[in-house]
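Q: have a look at this fold, sequence not included:
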């Protein structure tokens with residue numbers, strides 16, 4: 001089993017600088033991650049605001065899909 005934890009570095013500063021743009025960027029971030037995780041049989045079990053926690057039974061697909 002593999003766990004994947006993500007975090008957007010500097011997100012607080014980015015929210016303060018341009019909340020509307022950050023909202024758009026974060027929605028795209030979430031869509032890309034969810035798609036990659038689910039495409040490889042994983043599941044997103046927690047959303048942390050600017051990141052996700054996910055799990056997958058296989059190591060290679062999740063590790064090679066993360067950016």
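A: Structure's in. What do you need? Given the structure is predicted, the values throughout are model-derived calculations rather than measurements.

Q: ranges for the helices of this structure?
A: Assigned by DSSP state H, the helices in the chain fall at 11-17, 19-39, 59-65.

Q: same question for the first one, mean pLDDT?
A: Throughout helix 11-17, pLDDT has a mean value of 94.

Q: still on that earlier bit, for the helices of the chain, could you give me CSV that also reports mean neighbour count and distance to residue 50?
A: For glycine as for every other residue, the C-beta is placed from the backbone atoms N, C-alpha and C. Below are the helices of the chain laid out as CSV (neighbours: other CB atoms under 10 Å; distance: least, CB to CB, whole Å):
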stretch, mean neighbour count, distance to residue 50
helix 11-17, 12, 4
helix 19-39, 14, 6
helix 59-65, 14, 19
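
Q: export the ones you listed to a markdown table and append columns for distance to residue 45.
A: Shown next, in a markdown table, are the helices of the chain (distance: least, CB to CB, whole Å):
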| stretch | distance to residue 45 |
| --- | --- |
| helix 11-17 | 20 |
| helix 19-39 | 10 |
| helix 59-65 | 13 |
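
Q: lowest average confidence across those helices, which one?
A: Ranked by mean pLDDT, the helices of the chain end with helix 59-65 at the bottom, a mean of 56.

Q: ok, which of the helices of the chain comes nearest residue 4?
A: Nearest to residue 4, of all the helices of the chain, is helix 59-65, at 5.3 Å by CB to CB.

Q: count the neighbours of residue 50 for me.
A: 19 (other CB atoms under 10 Å).

Q: I should have written residue 49 there, sorry.
A: Residue 49 has 10 nearby residues by other CB under 10 Å.

Q: mind listing what the residue lying closest to it once chain neighbours are set aside touches?
A: With sequence-adjacent residues excluded and distances taken as CB to CB, 6 or more residues apart in numbering, residue 49 is closest to residue 11, at 7.9 Å. For residue 11, the contacting residues are 22, 26, 49-50, by CB atoms under 8 Å, 6 or more residues apart in numbering.
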